[in-house]
Structure formats: C-alpha cells, structure tokens
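J.: Sequence plus the predicted model coming up.
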Amino acid sequence: MNTSGDATYFLVMNIERSSQGFKTMNLYEELSKVRIQEAQRVSAERRLACDLASARRWRRLSQWAARRAERYSAS
C-alpha cells in the first residue's frame, strides 16, 4: 500500500454547521465545488464582456443608420 498517495485520498474535512452538527466532506468534493464556483464566476464575467461588446456594436450601427437616414431624407 502506497502510504503517501493513499493518505491524501482519504483526507477528510469536517465542516461545522450551526444547526446540523458536523458534515463530513471529502477534500476532492470541496475542491470540485470551488472549481465549479470559479468556472461560474469566469463565465459570468465573459457573458458581461460579450454583452458590453454587443451593446457597443448596436450603438455604432444605430448611429450609422441615423446618419444614413438623415443624409437620404435631406435629398
């Protein structure tokens, strides 16, 4: 039995809950939860950046359309 590798596999974290007592959570489950939260945060930031870029594109298009309409309505 490989003690160095197996010791980390069986490492368990105790997380105290005020009304529920103790909840035992595997270290890998906790790391997975943190990675998922980080991925969700990055996804939200990217979505915000794409929304802002899209708003800039639509604003430029509407300004161009307004200038074009003004130019052709004047003649």
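T.: Received it, and whenever you're ready, just let me know what you need.

J.: And for residue 71, the neighbour number?
T.: Per other C-beta atoms under 10 Å, the neighbour tally for residue 71 reads 9. Using the backbone N, CA and C atoms, a C-beta is placed for each residue, glycine as well.

J.: let me redo that: residue 30
T.: By other C-beta under 10 Å, the residues close to residue 30 number 13.

J.: Could you do the one 4 residues further on as well?
T.: Using other C-beta under 10 Å, residue 34 is surrounded by 10 other residues.

J.: The helix or strand hosting it packs against which elements?
T.: Assessed by DSSP states H and E, residue 34 sits inside helix 27-74. In terms of contacts (3 or more C-beta pairs under 8 Å, 6 or more residues apart in numbering; DSSP states H and E), helix 27-74 is packed against strand 12-17.

J.: give the contact list for residue 34.
T.: Residue 34 makes contact with no residue, according to C-beta atoms under 8 Å, 6 or more residues apart in numbering.

J.: could you measure it against residue 42, distance?
T.: 13 Å (C-beta to C-beta, to the nearest Å).

J.: tell me, what's touching these two both at once?
T.: Common contact partners of residue 34 and residue 42 (C-beta under 8 Å, 6+ apart): none.

J.: Thanks again, I'm all set now.
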